[in-house]
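A.B. asks: Please find the sequence and the predicted model below.
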Amino acid sequence: MIHFTKMQGAGNDYIYVDNRNGVVKDPTQLSPKISDRHFGVGSDGLVLISLSDKADVRMRMFNPDGSEAEMCGNASRCVARFAWERFFKKAKDEFDLETGAGIKHIVIHRDGENFKSATVDMGAPILEPAKIPVAAETNKITLDGCEFTCVSMGNPHAVTFVDSVKTAPVHTKGPDYEIDSFFPRKSNIEFCELVDSTHAKMRVWERGTGETLACGTGACATLVACVLNGKTSRAIDLELLGGTLHIEWREEDSHVMMTGPAEFVFEGTFEE
Ligand SMILES: N[C@H](CCC[C@H](N)C(=O)O)C(=O)O
């Protein structure tokens, strides 16, 4: 019997398990079962929360196909709120989170005793093709005649610009692009529609998942692609199907800052 907490960040919903006592033995097996929206609890994946010897708290994120992602932006805000309320009892508003893509600094924005939002320092984007990874000389590739800008936020992303996210081929092309031979570790695929220099919209086909209502790392990768292609300023509000994230790519240290919501939905127990 596993006690879990369902949370969502901009509609990207995960199952969170306090795994400080190691109750989850095999997350690659558990994630597909518990994430199934008909035979399980239903979610975009499974997140294990535990203590860390390098930071204040640790997270590991598993896609519904059982694969582990190096980093997960929306989940990092939800883990931040979970730890802020349940581990730290709201005693500290800044702390560090250990992830598969390194230590991330968290700032909780509160209104008195109430959570408002969280800002995650997502670190610097990785643009070197071999480290994204993308099998190309540069981080710009052409797939199906469309140009993609490839960016890693610890996990791989490929961003293309479309006239309208409504008509973007998320489901018709996303699955093929995800596993294209350009991407040795597959890729998350983002379709971005520009609004103006400080606003854009994005839909995403996520590696190991399918379309989600939001992707935090994908939002960061999208902002980086917008700036690299001269499309927007370095700070934008990015509208996703499930909500809006504020993303800024700082000049001084090249870190990408992501701010957005994190909500509890329900508690439950799951028979493995
Ligand atoms: N939704 C997550 C990204 C999960 C990425 C995962 N699908 C991968 O394999 O990289 C986010 O908010 O960043």
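C.D. replies: Arrived safely, thanks for sending. Numbering: from 1, shown residues only.
A.B. asks: For the rest of this, base every contact and every neighbour count on C-alpha atoms.
C.D. replies: OK.
A.B. asks: At which residues are the helices of the chain located?
C.D. replies: Assignment of helices within the chain using DSSP state H yields the ranges 27-35, 73-86, 170-178, 216-228.
A.B. asks: So is the third one next to the ligand?
C.D. replies: No - counting by C-alpha under 6 Å from any ligand atom, the ligand is not contacted by helix 170-178; separation bottoms out at 9.9 Å.
A.B. asks: so what does that helix touch, helix or strand wise?
C.D. replies: Contact analysis of helix 170-178 by 3 or more C-alpha pairs under 8 Å, 6 or more residues apart in numbering; DSSP states H and E lists strand 188-196, strand 199-206, strand 210-212 as its packing neighbours.
A.B. asks: how far out from the middle of the chain is it?
C.D. replies: 18 Å (C-alpha atoms, centre = their mean, to the nearest Å).
A.B. asks: what's the answer for the second one, then?
C.D. replies: Mean-position distance between helix 73-86 and its chain equals 13 Å (C-alpha atoms, centre = their mean).
A.B. asks: Up against the ligand, what does the chain have?
C.D. replies: Applying C-alpha under 6 Å from any ligand atom, one finds that the chain approaches the ligand through 63, 69, 72-75, 155, 206-209, 215-218.
A.B. asks: Make sure Glu128 is actually in contact with Asn139.
C.D. replies: Yes - contact status for Glu128 versus Asn139: in contact at 6.8 Å, counting by C-alpha atoms under 8 Å.
A.B. asks: Please say which of these two ends up with more neighbours.
C.D. replies: Using other C-alpha atoms under 10 Å, the more surrounded residue of Glu128 and Asn139 is Asn139, with 20 against 16.
A.B. asks: give the contact list for the more buried one.
C.D. replies: When contacts are counted by C-alpha atoms under 8 Å, 6 or more residues apart in numbering, Asn139 touches 127-129, 149-151.
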